[in-house]
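J.: okay, sequence plus prediction incoming.
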Amino acid sequence: MVYQHPAHRYANVSERARQPPALAISTVIFALRPDPETGRPALWLPLVRRIREPFRGLWALPGGPLGARESLQEAAAGNLAATTGLAPKYLEQLYAFGGTDRSPSPRVVSIVYWALVQPDEAALSREDENVRWFPAAAVGELAFDHNEVVEYALWRLRNRMEYGSIAYAFLGDTFTLAQLREVYEAVLGRGLEPANFRRQLRADTNIEATDQFLQGGRHRPPRLYRYTGVLPGGPGTPADTHAHTNRATEH
């Protein structure tokens, strides 16, 4: 959706060039879903098909205008609910995108949020002919510069995986170590040696073994663990204050 301030609708080209930019919100949503070829978890994200110009028919990130009385977080959450039906627990400001050549007139500055969705949350998302999930590594040509936005979000996610607790946002309250390793492998795009991975986890004091086991397999059921640290991205989480001014989004 392209937001146009009322003052922009009646201005000529030269007048629009001198007017302040409009402000909008976009969201990149990542979830783990099975790869259709291998069956292993892979990163996916929902996109919305544009039904009007510019870029009619192309897919884009969910987004919309910032309401006059909305906070940035409220606008991001509202856009997600309206387009996908999702209300993710992890929702955090990613970047501000404000390049001058990012969209047709008028100029639009986007505040981009990212959301990480657990499998049970992703299963509740709404899909139709204009809302569809795509593999994050194969989104095709997107409207505006949303390919760059997705690439940047992937880069940030992979960097956060190396030093933070963000991986646990993809998991439920309890998980096996194999499930946690699959999260890392899906995001990083490479396999990890199980023994080394377990050895590294022993140094994490925020991973606690439970007295429960995952049932239903053919082999000895694996133990379930829980993460006891603080997850980023929840309500009240400070926003990322960086600004990425060389790229921009339309929403």
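T.: Arrived safely, thanks for sending. Residues are numbered from 1 along each chain as shown.

J.: okay, CA-based contacts and neighbour counts for the rest of this
T.: Fine.

J.: ok, which stretches of this protein are helices?
T.: Using DSSP state H, the helices found in the chain span residues 6-9, 13-18, 72-84, 119-122, 146-163, 177-188, 194-201.

J.: and the fourth one, how far out from the chain middle?
T.: The one in question is helix 119-122. 13 Å (C-alpha atoms, centre = their mean, to the nearest Å).

J.: send the alpha carbons of it over as CSV?
T.: Extracted C-alpha coordinates of helix 119-122, given in CSV (Å, rounded to 0.1, in the frame of the first residue of the first chain):
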residue,chain,number,x,y,z
PRO,A,119,5.6,-22.6,14.1
ASP,A,120,2.3,-22.6,16.0
GLU,A,121,1.9,-18.9,15.3
ALA,A,122,2.8,-19.3,11.6
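
J.: show me what that helix is packed up against.
T.: Here helix 119-122 touches strand 22-34, going by 3 or more C-alpha pairs under 8 Å, 6 or more residues apart in numbering; DSSP states H and E.

J.: the strand it packs on pairs with which strands, parallel or anti?
T.: strand 41-49 (antiparallel), strand 63-65 (antiparallel), strand 108-117 (parallel) (DSSP bridges).

J.: C-alpha coordinates for it, CSV please?
T.: Output of strand 22-34 as CSV, limited to C-alpha atoms (Å, rounded to 0.1, in the frame of the first residue of the first chain):
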residue,chain,number,x,y,z
ALA,A,22,5.4,10.7,4.1
LEU,A,23,6.0,8.1,6.8
ALA,A,24,5.0,4.5,6.6
ILE,A,25,5.6,1.1,8.4
SER,A,26,6.8,-2.2,6.8
THR,A,27,7.5,-5.5,8.4
VAL,A,28,9.7,-8.5,7.6
ILE,A,29,8.3,-11.7,9.2
PHE,A,30,10.5,-14.8,9.5
ALA,A,31,9.2,-18.2,10.4
LEU,A,32,10.6,-21.8,10.1
ARG,A,33,8.6,-24.0,7.7
PRO,A,34,9.6,-27.3,6.1
